[in-house]
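1. Give me the fold of what follows.
(chains A and B)
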Amino acid sequence: DAGITQSPRHKVTETGTPVTLRCHQTENHRYMYWYRQDPGHGLRLIHYSYGVKDTDKGEVSDGYSVSRSKTEDFLLTLESATSSQTSVYFCAISSTGNTEAFFGQGTRLTVV
Amino acid sequence: DQQVKQNSPSLSVQEGRISILNCDYTNSMFDYFLWYKKYPAEGPTFLISISSIKDKNEDGRFTVFLNKSAKHLSLHIVPSQPGDSAVYFCAANSYGGATNKLIFGTGTLLAVQP
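-> Numbering: from 1, shown residues only, chains lettered A, B, ... in the order given. All right, here's what the predicted structure looks like:
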């Protein structure tokens, strides 16, 4: 397995609270991505990073922010969690951005 | 606006037969395509890829075909095995520039019947 760790693996939180998900890699890959997986929607890109402090929006970025202060860590923050953000979140890494990406095990987030 | 589309949510195939999974894309800037396989409660795993300079790429039982004029790619699995039962996602990317987005389709659930 590629060295990707997502934490936490499971989380239940209340509507309106902030939540931060962490993705940690040991591969020194330049590109890091956050996706959410929902039935009928597949994997949708939330935000991605192409270097330290370099990030950009994906398809479904509203309500989410990211930060990347070190190569190995990419944080996803839900500023004020809503029930529509209940999902499984996956982090992925890629060395060049135009080759295969490797995925973490996912974080199941439930907003009640 | 779905740039990568998998119009078949599910597919059922008998063991030993061929499985064909299809994917269409709309963005002509895409020039690198990938297939991923996903089991429940696991992250997606990379299966096979193809560059737009090719129209076919093989890896063991898996072959990906690309038809650029139709903006269509397909994954063939021959022979299909029960362990191939999973959700398959196609993905697309574009070379160049400082940024690269990997865009996925909605997935196709493949069930291989023993």
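2. Enumerate the positions of the one helix or strand residue A:35 maps to that are buried.
-> Using DSSP states H and E, residue A:35 sits in strand A:31-38. In terms of neighbour count (16 or more other C-beta atoms under 10 Å in any protein chain shown), strand A:31-38 has its buried residues at A:31-37. Every C-beta, even on glycine, is put in place using the N, C-alpha and C of the backbone.
3. helices and strands of chain B: which one bottoms out on pLDDT?
-> strand B:103-104 (a mean of 90; mean pLDDT, DSSP states H and E).
4. partners of that strand, with directions?
-> Here strand B:103-104 is paired, per DSSP bridges, with strand B:86-93 (antiparallel).
5. who's in contact with the partner strand?
-> The contact list for strand B:86-93, computed with C-beta atoms under 8 Å, 6 or more residues apart in numbering or on different chains, reads A:42-43, A:97-98, B:3-4, B:6, B:21, B:23, B:25, B:27, B:30-39, B:44, B:47, B:73, B:75, B:100-110.
6. go again using 7 Å as the cut-off
-> Here strand B:86-93 makes contact (C-beta atoms under 7 Å, 6 or more residues apart in numbering or on different chains) with A:42-43, A:98, B:4, B:6, B:21, B:23, B:25, B:30, B:32-39, B:44, B:73, B:75, B:100-105, B:107-110.
7. between that strand and strand A:31-38, how many degrees?
-> Relative orientation of strand B:86-93 and strand A:31-38, computed by axes from the mean of the first three to the mean of the last three C-alpha atoms, to 10 degrees: 140 degrees.
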